[in-house]
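K.L.:
3D model of this:
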Amino acid sequence: DPDAGHVYAGLDSANTAVWGTAALDPVAAPGNRYVFAYRPTVDIVLSDRTKTYGDELVLGSVEGTDFTLSGAREGVEGAYEADTAASIFGGTMTLHSSGAAANADVIAGGYAITADTSGLTLNGYDLGSVINGTLTVDPRSISLGAAGTVEASRVYDGTTDIEVTSHGVLSDIVAGDDIGVRLAAAYQDKNVGRDKTVTGTYTLTGADAGNYVLDSSVFAATADITPAPLSVIARAAHKVYGESDPDFAYEVGGFVLGEDDSLLTGSLSRVEGENVGDYAITVGSLSAGGNYEIVYTGADLTITPRTITITADDQSRALGQADPRLTWSITGGSLASFDTIDTVFSGDLIRDPGEGVGEYAIRQGSLAANANYDLTFIGGTLHITPVAVTEPVVLERHAVSDDVFAIVQSEGGTDLTVCRSGVLGPDCAPFVSPDNRNLGPYIGWTGQSAR
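P.N.:
The predicted model follows:
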């Protein structure tokens, strides 16, 4: 037993020891040797190895690289050297692993490395265990020979989606492998803008995708989002002259992805003007925000005339007097708040001709309202009444052709009042019209007699 505390007294053999040899048995090893009957047991521990997919790994039998030993005797300084595989084994050992081939797939847990020891011989040792190693196949790092591309612009649709126009081209792949690349990209946000940031990720596809890894899976680009068209169709509106404008209504179509008219701000407007006529309704301040562009179809606000009714005021006068001013009043409807009679009406009323006692219709004449009003006229009546005579009078004239009359203030008296044609006072008025002749016991027509 080499571990029994032997004293070697400085006798250095400068060689490894000989094991498992009984006393006086021949020793084939050359040189000075320590010989032990003790037979050690040695284990072979196969090394773990790593390779990249697509590369072939040649497994050798080099101690320290392909395997290590457990149980090999260490040397004793000044006596004998430590054993190595070269001193323990003769013959050859062959290592095997199905993962050593270039086309071995990347798998979880790797591949076993085993040893065929049938060609080995042992020098004084017993072979204990052969402990398998593990061969790990790492994915092959590849790059893009051509980057992917996305559409340069699209219309707002409420999402961050973008169309990929090219997924890219891979380089440095093993011939015959089923592998491709797919690009998934999106805008940083959904809103309209120019040169917006687009980010994405490359993913490997195909049956052999697990054997590869991209050196970079990051995609970056810029693209535009343009406003979506939003149809706004104005509805025709009406109002009566002088009233306030109604709220302008419209129909909307074109919102995307559940968005609705809650996005709308502002209102429609119209061309200025208050007179009767048609006025274009415009888009005004209506907006759906920056993600929509309003496509507007207009309509008209129609201002219709304001109805108003005027009624001629009934008038009266005594026979022979001048006509009073013919007046009227508004009896239906009203003027607009900003109008006055002088700005709306022009012209005068007229009456039917005649000067005798009686009733004469008052008519519209030239009286008119401007085009902003629909005028209804109700006529009136001018009453001409006789003059009451309460004392004896005699009517005379100087000659048939003379228009001068005299009124005798008392029967048989000489106090005369001269009446001429034209505007007559109350004393003369009853006697101008022939209708006033012979009106009472004190009034008579004297013919051509003169005083």
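
K.L.:
would you map the strands across the stretch 201-350 of the chain?
P.N.:
Here the stretch 201-350 of the chain has its strands, by DSSP state E, counting those that start in this stretch, at 212-214, 218-226, 228-234, 237-240, 250-253, 269-270, 277-282, 292-297, 299-304, 306-312, 315-318, 328-333, 345-346, 350-351.

K.L.:
list the contacts for residue 167?
P.N.:
148, 180-183, 202 (C-beta atoms under 8 Å, 6 or more residues apart in numbering). (Glycine included, C-beta is placed from N, CA and C.)

K.L.:
how about residue 57?
P.N.:
49, 51, 97, 99-100, 135.

K.L.:
what is the three-state secondary structure of it?
P.N.:
Secondary structure for residue 57, judged by DSSP: H, G, I helix; E, B strand; the rest coil, is coil.

K.L.:
dihedrals phi and psi, it?
P.N.:
phi -110, psi 120 (degrees, to the nearest 10).

K.L.:
residue contacts, residue 302?
P.N.:
Residue 302 neighbours (C-beta under 8 Å, 6+ apart): 236-239, 277-279.

K.L.:
what's the closest of the residues you listed to residue 355?
P.N.:
The shortest approach to residue 355 among these belongs to residue 277, at 46.1 Å (C-beta to C-beta).

K.L.:
relative to residue 305, how far out is that closest one?
P.N.:
10 Å (C-beta to C-beta, to the nearest Å).

K.L.:
repeat that for residue 329.
P.N.:
20 Å.

K.L.:
picking up where we left off before, and the furthest pair within the contacts of residue 57?
P.N.:
Counting by C-beta to C-beta, the most remote pair of the contacts of residue 57 is 51 and 97, 9.7 Å apart.

K.L.:
which neighbours do the two have in common?
P.N.:
57, 135.

K.L.:
identify the residue nearest residue 249 in space, chain neighbours excluded?
P.N.:
Closest residue to residue 249 apart from its sequence neighbours, by C-beta to C-beta, 6 or more residues apart in numbering: residue 235 at 4.5 Å.

K.L.:
same check on residue 29?
P.N.:
Residue 29's closest residue in space is residue 18 (C-beta to C-beta, 6+ apart), at 5.5 Å.

K.L.:
my guess is the one you found contacts residue 87, does it?
P.N.:
No: with contacts counted by C-beta atoms under 8 Å, residue 18 stays clear of residue 87, the gap being 9.5 Å.

K.L.:
which neighbours do these two share?
P.N.:
residue 123.

K.L.:
how near is the closest residue to residue 208 other than its chain neighbours to residue 170?
P.N.:
Computed as C-beta to C-beta, 6+ apart, the closest residue to residue 208 that is not its neighbour in sequence is residue 177, at 4.1 Å. Distance from residue 177 to residue 170, counting by C-beta to C-beta: 10 Å.

K.L.:
residue 322 now?
P.N.:
Distance of residue 322 to residue 170, given as C-beta to C-beta: 114 Å.

K.L.:
neighbour count: these two, which is higher?
P.N.:
Higher neighbour count among residue 322 and residue 170: residue 170, with 20 against 9, using other C-beta atoms under 10 Å.

K.L.:
next one: the strand or helix carrying that one to chain centre, how far?
P.N.:
Element membership for residue 170, per DSSP states H and E: strand 169-171. Its chain's average C-alpha position is 39 Å from that of strand 169-171, according to C-alpha atoms, centre = their mean, to the nearest Å.

K.L.:
contacts only, for the residue positioned nearest the centre of the chain.
P.N.:
Centroid-nearest residue in the chain: residue 291, 3.2 Å away (criterion: C-alpha atoms, centre = their mean). Residues near residue 291 by C-beta under 8 Å, 6+ apart: 156, 158, 190-192, 227-228.

K.L.:
repeat that for residue 44.
P.N.:
Taking C-beta under 8 Å, 6+ apart as the test, what residue 44 contacts is 67, 69-70, 93, 115, 117, 127, 129-131.

K.L.:
over to residue 229?
P.N.:
Applying C-beta under 8 Å, 6+ apart, the residues contacting residue 229 are 155, 254, 292-293, 295.

K.L.:
change it to 10 Å
P.N.:
155-156, 253-254, 292-295 (C-beta atoms under 10 Å, 6 or more residues apart in numbering).

K.L.:
same deal with residue 368?
P.N.:
So residue 368 contacts 344-347, 375, 377 (C-beta under 10 Å, 6+ apart).

K.L.:
tell me the spacing between it and residue 308.
P.N.:
12 Å.

K.L.:
overlap in contacts, these two.
P.N.:
Jointly contacting residue 368 and residue 308 under the rule C-beta under 10 Å, 6+ apart are 344-345, 375, 377.

K.L.:
now, these that are in helices?
P.N.:
Cross-referencing these against helices under DSSP state H gives residue 344.

K.L.:
how about TSV for the shared contacts of residue 368 and residue 308, with neighbour count and pLDDT added?
P.N.:
Below are the shared contacts of residue 368 and residue 308 laid out as TSV (neighbours: other C-beta atoms under 10 Å; pLDDT from 0 to 100):
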residue	neighbour count	pLDDT
344	17	98
345	20	98
375	18	98
377	19	98
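
K.L.:
can you name the two of the shared contacts of residue 368 and residue 308 that are farthest apart?
P.N.:
The most widely separated members of the shared contacts of residue 368 and residue 308, counting by C-beta to C-beta, are 344 and 377 (13.9 Å).

K.L.:
test my guess that residue 264 contacts residue 286.
P.N.:
Yes: if you go by C-beta atoms under 10 Å, residue 264 and residue 286 touch, sitting 6.6 Å apart.

K.L.:
give me the common contacts of those two.
P.N.:
With C-beta under 10 Å, 6+ apart as the test, residue 264 and residue 286 both reach 230, 232, 250, 252, 294.

K.L.:
which one (most neighbours) among those?
P.N.:
Neighbour counts for the shared contacts of residue 264 and residue 286, by other C-beta under 10 Å, peak at residue 230, which reaches 25 neighbours.

K.L.:
isn't that one up against residue 297?
P.N.:
No: counting by C-beta under 10 Å, residue 230 stays clear of residue 297, with 11.7 Å between them.

K.L.:
endpoints of stretch 263-277, how far apart?
P.N.:
End-to-end distance for stretch 263-277: 33 Å, by C-alpha to C-alpha, to the nearest Å.

K.L.:
buried set for it?
P.N.:
Buried positions in stretch 263-277, judged by neighbour count with 16 or more other C-beta atoms under 10 Å: 264, 268, 270, 276.

K.L.:
now that stretch: mean pLDDT?
P.N.:
Mean pLDDT, stretch 263-277: 97.

K.L.:
give me the common contacts of residue 344 and residue 377.
P.N.:
Counting by C-beta under 10 Å, 6+ apart, the residues touching both residue 344 and residue 377 are 308, 368-369.

K.L.:
just name the shakiest helix or strand of the protein by mean pLDDT.
P.N.:
strand 394-397 (a mean of 45; mean pLDDT, DSSP states H and E).

K.L.:
any idea how far residue 370 is from residue 164?
P.N.:
69 Å.
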